[in-house]
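# Need a 3D model of the sequence below.
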Amino acid sequence: MLKRAETVDIAADRLGPELAELERAGRVALTPAQPGVDQVRGRPLVIAATGDDAEDARVAAIARALGVPVNVPDKPALCSFVMPAIVDRGEVTVAIGTEGTSPVLAQRLRAWLERELHPRLDALARLAGDFRDAVAEKLPAGRPRRKFWEGVFDGAASEAAPCRRGERSAPPGRAKRSKPRRKRKPCRAACSSSAPVPAILSC
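Numbering: from 1, shown residues only. Predicted coordinates for the structure are as follows:
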């Protein structure tokens, strides 16, 4: 959520270490658990993920009554919108959705993509962005330009771009397998940073 929002309010009794660090950085704010009508009204969206079915249903009912978009993970009947599973590589974001029919399948696909996509794939996207205007000036739109970029993404530049100095290059879209990479928690929602009130996560 913080990729799209400046701050997120979290309704909980306490914050874990990672969220506490974000609170100190001013990215999240702790609000009282079990939010009511006044806490939900005006939010750009609400995610209810308390682990308590009754509490999640209560928060979802309040949000729907106020016309606030609400998502309850793995409870499509309580949702007014469905969250895709996200693989985040900076400039490259992949969303996997099943319209709420199979969240476990979406998460399995996300886990597979996390292994397959290079952790610094965004470096290749930034490289392409840096040269996009120059290429547009030299090559006409259509087949010539597309063929040039296909050559870039299939060639040495795509192997070198994601790598730091001293690392062996890896093919684009492939993560190195020598060291298991710690999985990142998926971004569960995106909301506008210009919204007057932060999104709220009830947990």
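# The lengthiest helix in the chain - contacts with which helices or strands?
Longest helix of the chain, by residue count under DSSP state H: helix 121-138. Packing partners of helix 121-138 (3 or more Cβ pairs under 8 Å, 6 or more residues apart in numbering; DSSP states H and E): strand 85-89, strand 92-96, helix 143-154, helix 156-160. Backbone N, C-alpha and C define where each C-beta goes, glycine included.
# any idea where the strands of the protein begin and end?
8-11, 28-31, 46-48, 70-71, 85-89, 92-96, 199-202 (DSSP state E).
# Could you tell me the least trusted of these?
When those are compared by mean pLDDT, strand 199-202 comes last with a mean of 57.
# ok, back up a step: of all the helices and strands packed on helix 121-138, which one is nearest Ile47?
Ranking the helices and strands packed on helix 121-138 by their distance to Ile47 (criterion: Cβ to Cβ) puts strand 85-89 first, at 13.3 Å.
# distance between the closest one and the chain's centre?
5 Å (Cα atoms, centre = their mean, to the nearest Å).
# How about stretch 11-28?
Per Cα atoms, centre = their mean, the centroid offset for stretch 11-28 relative to its chain is 18 Å.
# And for stretch 96-111?
Distance, centroid of stretch 96-111 to centroid of chain: 14 Å (Cα atoms, centre = their mean).
# quick revisit: of the helices and strands packed on helix 121-138, flag the one that's most buried.
strand 85-89 (a mean of 21; mean count of other Cβ atoms under 10 Å).
# Could you list every helix and strand that that one packs against?
Secondary elements touching strand 85-89 (3+ Cβ pairs under 8 Å, 6+ apart): strand 92-96, helix 103-116, helix 121-138.
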